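# could you look at this predicted model? Sequence included:
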Amino acid sequence: MSLILGIDPGSRVTGYGIVKAVDSGNEYITSGCIRTSDQASLPEKLDEIFNGVSQIIESYCPQEMAIEQVFMAKSAASALKLGQARGVAIVAATQLGLAVTEYAAKKVKQAVVGTGAAKKQQMQHMVRVLLNLNAAPQQDAADALAIAICHINTQKSLIKIAGADSFRRGRLGGKGGT
């Protein structure tokens, strides 16, 4: 099946994780963090994020990217920087032909842990369990893997719903013909 790149954007640390969707579950491929230089200006940091995401896409050839939506950060300035980091990651993906889907943090937490109020440590633990990893990934990488898992599970659910709907229509349409 397909490879999904999850991105947890940040202007200082952008987490990434690639998960392969397989029939029996999900398979871990890789994860890590794009860390920008502390001394870099914001435009330089955005360039580092763009280049990092582009390099990951070129190296692993995922078919789709899932990314966390903007949420209200501690301050307006933080939210703007987060939005800009998201923007360059999205542009890197679209420039290389990937479809991009966005998920609210609450939905990702609910999909992976079962509650939208999950803590970071709970997310790390569940990602470790769901992907059968020996150790919990670093927080930003775990969040990115969780976003990829959320996307895969959402797509699988949509396929099941569409298949059940087609099956019902086919049965109804095939009966009687009057």
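Cool, got the structure. Numbers count the residues shown, from 1 in each chain.
# any regions of the chain where pLDDT drops low?
Applying pLDDT under 70 to the chain picks out residues 1, 72-73, 163-178.
# now do the strands in it.
In the chain, the strands defined using DSSP state E lie at 3-8, 13-22, 25-35, 64-68, 99-103.
# of all the ones you listed, which lies closest to L130?
Closest of these to L130 is strand 25-35, at 6.6 Å (criterion: CB to CB). From N, CA and C alone the C-beta is placed, and that goes for glycine too.
# neighbouring contacts of that closest one?
Residues outside strand 25-35 that contact it (CB atoms under 8 Å, 6 or more residues apart in numbering): 3, 12-20, 48-49, 52-53, 60, 130-133, 137-138, 140-142, 144-145, 148-149, 152.
# what is the orientation angle of that strand with strand 13-22?
On the basis of axes from the mean of the first three to the mean of the last three CA atoms, to 10 degrees, strand 25-35 is oriented at 160 degrees to strand 13-22.
# can we start the residue count at 2 from this point?
Got it, first residue is 2 now, which makes that one strand 26-36.
# how far is strand 26-36 from where the chain is centred?
10 Å (CA atoms, centre = their mean, to the nearest Å).
# tell me the buried residues in stretch 48-56?
For stretch 48-56, burial by neighbour count (16 or more other CB atoms under 10 Å) applies to E49, I50, F51, G53, V54, S55.
# with only the CA atoms kept, save that stretch in PDB.
This file holds the C-alpha atoms of stretch 48-56, laid out as PDB (Å, rounded to 0.1, in the frame of the first residue of the first chain):
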ATOM      1  CA  ASP A  48      14.400  27.600   4.000                       C
ATOM      2  CA  GLU A  49      15.900  24.800   6.100                       C
ATOM      3  CA  ILE A  50      12.400  23.400   6.700                       C
ATOM      4  CA  PHE A  51      11.600  23.500   3.000                       C
ATOM      5  CA  ASN A  52      14.800  21.800   2.100                       C
ATOM      6  CA  GLY A  53      14.500  19.200   4.800                       C
ATOM      7  CA  VAL A  54      11.000  18.200   3.800                       C
ATOM      8  CA  SER A  55      11.900  18.200   0.200                       C
ATOM      9  CA  GLN A  56      14.900  15.900   0.900                       C
END
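# relative to the whole chain's centre, how far out is it?
With CA atoms, centre = their mean, you get 16 Å for stretch 48-56.
# which residues are contacting that stretch?
Residues contacting stretch 48-56 (CB under 8 Å, 6+ apart): 8, 10, 12, 15, 17, 35, 37-38, 41, 86, 89-90, 92-94, 96-97.
# do stretch 138-153 as well
Residues outside stretch 138-153 that contact it (CB under 8 Å, 6+ apart): 5-9, 11, 14-20, 22, 27, 29, 32-34, 65, 67-69, 102, 104, 108-110, 112-113, 121, 124-125, 127-129, 131-132, 137.
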